[in-house]
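Visitor: A predicted structure for the sequence below; I have some questions about it.
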Amino acid sequence: GPLGKYYLSQLVAGQDVNSPAVDAGSDLAENLSLSDYTTRTDGEPDTGTVDIGYHFPDHKGIPQYTLTARVTGGNGSIQPTSGTYYAGMPVELFAAANAGWHVAEWFGTFNDASTSSSNFVIMDSDKNVAVRFEQVRTLDVPGDYANIYRAIQDANDGDIIIIAPGVYSYEPGQHPDGDIITINGQAITIASTNPEDPCVVSATIIDGRFIMSNVGRDTVLNGLTITNSEDVVWFMVDPPAGDGLDGIPGTGNLGGGLLLVGNASPTVLNCRFDGCYVRGAHGSNGNGNADGGGWGGNGGWAGWAYGGAVYCGYNSNPLFKNCSFVDCWVRGGDAGNGGSNEIGGHGGNWEEEDFPGTHQLWEYGPFLEYWRYTGMGGAVFCNPYSSPEFEGCEFIDNTTYGGSCGITGQPYIATWPLTHYKIDSFGGAV
């Protein structure tokens, strides 16, 4: 209809049939203050028994404005190019670039800073809109840039970064983000010189991690080998200073090769994730009391390890096509032991009905269920609010390992753990 998509089909307004929602409400339109609004495409008000459905104002009293849209400099097209619309209506615009070109900037839209192929305007006056395209650049590493990080920093949306065969490793202190390659909100492609050739893929090695956020399917990794990459804090911290204090929980780690933090939905093609891994940190032991008396500190809980190769975070919907995940693994940390005192402290990650992880007994809690502090997803971990897709991918010899709970401090309390019980792990592949 004139103001939207939710008008009802009605014979009196010129349609072929009446919608079953016409005059199907529970009261009179006047009693519901809807008699000045309409469900009809001709704008006539609702009378008698109220119609079920959205009620629009009468469009005949609303001013109309004109949209004019054009391309500056050629090399693409825009739709729609013109039209007349009622005041307040949003109008979506679509720009189509010629091969080898992409959107450089918009003019006169709601978001002129966008380089997306779609945009919109709100028709609160006559609108003149324009879009400009620019040619896609090809950035060579190491030809044009010493490393991948520098190329990404200089890349614009639509640009293609070509990586020559070689090993690209970033040691801490030699790279701004250590061994991390970060992409945030950039619609770029990073590819080997020939993504379809397995020999080229295996020779183009990223010895580090990608971290992505706020990207869509137009952010692409193509024909790379990501290997030996890791996310690990692998140590047991010292017991806290102070009699009877709980041990510090181990750090949980995510995504050894590709960490999709949130709203990250890239396209990953022809890539090989080989020997990527994640390890959770150990929890530290609880502190006792050298002078005796009171409780010993409880053991710190283990750190989790999710996604040896890839972690798909919140609202991440990536596509993996023709990718291999080989010999990737995760290992959860071990929980700390309880400190010894007049009453021994509780071992980390031990739960029972009287002392769950949510109990006030734990200084660092509340904790989730104990089994979450383990290894999950030897190759890929999928957050419950993610929707990754896999097409033609293979998973070979990927593994998960769990750590163990801590034991109680002395003197022992029989119902608390006297043995380092293994924490189950889940999802060797995904």
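Guide: Alright, I've got the coordinates. Numbering: from 1, shown residues only.
Visitor: Give me the buried positions along stretch 422-430.
Guide: The neighbour-count check on stretch 422-430 (16 or more other C-beta atoms under 10 Å) flags I423, S425, F426, G427, G428, A429, V430 as buried. Just so you know, the C-beta spots here come from the backbone N, C-alpha and C atoms, and that holds for glycine as well.
Visitor: Identify the residue spatially nearest to G345, adjacent ones excluded.
Guide: Distance criterion C-beta to C-beta, 6 or more residues apart in numbering; nearest residue to G345, sequence neighbours excluded, is G338 at 2.9 Å.
Visitor: Touching, A429 and T400? I think so.
Guide: No: look at A429 against T400 with C-beta atoms under 8 Å: they stay out of range, at 9.1 Å.
Visitor: Show me whatever sits in contact with both of the two.
Guide: Common contacts of A429 and T400, defined by C-beta atoms under 8 Å, 6 or more residues apart in numbering, comprise G377, G378.
Visitor: Flag the shaky bits of the protein, pLDDT-wise.
Guide: Residue ranges of the chain with pLDDT under 70: 170-179, 230-242, 289-293, 352-363, 365-366, 413-415.
Visitor: Identify, from the buried residues of stretch 422-430, the entry nearest to A305.
Guide: Set against A305, the nearest of the buried residues of stretch 422-430 by C-beta to C-beta is S425 (8.8 Å).
Visitor: Wait, the closest one touches M376, no?
Guide: Yes: the pair S425 and M376 qualifies as a contact (C-beta under 8 Å) at a distance of 6.6 Å.
Visitor: Quick check: neighbours shared by those two?
Guide: Residues touching both S425 and M376 (C-beta under 8 Å, 6+ apart): V330, T400.
Visitor: Next, give phi and psi for the spatially most central residue of the chain.
Guide: Centroid-nearest residue in the chain: G262, 2.6 Å away (criterion: C-alpha atoms, centre = their mean). Phi and psi for G262, reported as degrees, to the nearest 10, are phi -180, psi 140.
Visitor: Quick check, it in contact with C312.
Guide: No: the pair G262 and C312 fails to qualify as a contact (C-beta under 8 Å) at a distance of 9.9 Å.
Visitor: Around the residue nearest to G345, how many other residues sit close by?
Guide: Neighbour count of G338, defined by other C-beta atoms under 10 Å: 33.
Visitor: how would you label it: helix, strand or coil?
Guide: When classified by DSSP: H, G, I helix; E, B strand; the rest coil, G338 comes out as coil.
Visitor: hmm, back to that, of the buried residues of stretch 422-430, closest to Y54?
Guide: The closest of those to Y54 turns out to be V430 (C-beta to C-beta; 42.1 Å).
Visitor: Does the closest residue to that closest one other than its chain neighbours have any beta-bridge partners, and if so which?
Guide: In space, V430 comes closest to V380 once its chain neighbours are excluded; the distance is 4.7 Å by C-beta to C-beta, 6+ apart. Note on V380: beta-bridge partners by DSSP bridges are V310.
Visitor: Secondary structure element holding G250?
Guide: Using DSSP states H and E, G250 sits within no helix or strand.
Visitor: which non-adjacent residue is nearest it?
Guide: Spatial nearest neighbour of G250, excluding adjacent residues (C-beta to C-beta, 6+ apart): G303 at 3.1 Å.
Visitor: And for D159?
Guide: D159 sits nearest to R137 (C-beta to C-beta, 6+ apart), 4.7 Å away.
Visitor: Would you mind measuring from the one you found to W101?
Guide: Distance of R137 to W101, given as C-beta to C-beta, to the nearest Å: 11 Å.
Visitor: picking that back up, what residues are up against the residue nearest to G345?
Guide: Taking C-beta under 8 Å, 6+ apart as the criterion, G338 is in contact with 285-286, 296-299, 344-348, 406-409, 416.
Visitor: Between the residues you listed, which sits nearest G48?
Guide: Closest approach between the contacts of G338 and G48, by C-beta to C-beta: G348, at 69.7 Å.
Visitor: unless I'm mixing things up, that closest one is touching I248, no?
Guide: No: here G348 lies out of contact with I248, judged by C-beta under 8 Å, at a distance of 9.9 Å.
Visitor: Neighbour count: the two, which is higher?
Guide: More crowded of G348 and I248, by other C-beta under 10 Å: G348, with 38 against 24.
Visitor: ok so, going back, sort out for me which of the contacts of G338 are in helices.
Guide: Judged by DSSP state H, helices contain none of the contacts of G338.
Visitor: Could you identify which of these has the most neighbours?
Guide: Top of the contacts of G338 by neighbour number is G348, holding 38 neighbours under the definition other C-beta under 10 Å.
Visitor: Next, count neighbours for the closest residue to that residue other than its chain neighbours.
Guide: Nearest non-adjacent residue to G348, counting by C-beta to C-beta, 6+ apart: A335, 3.0 Å away. Using other C-beta under 10 Å, A335 is surrounded by 35 other residues.
Visitor: pretty sure A335 contacts S404?
Guide: Yes: using C-beta under 8 Å, A335 is in contact with S404, at 6.8 Å.
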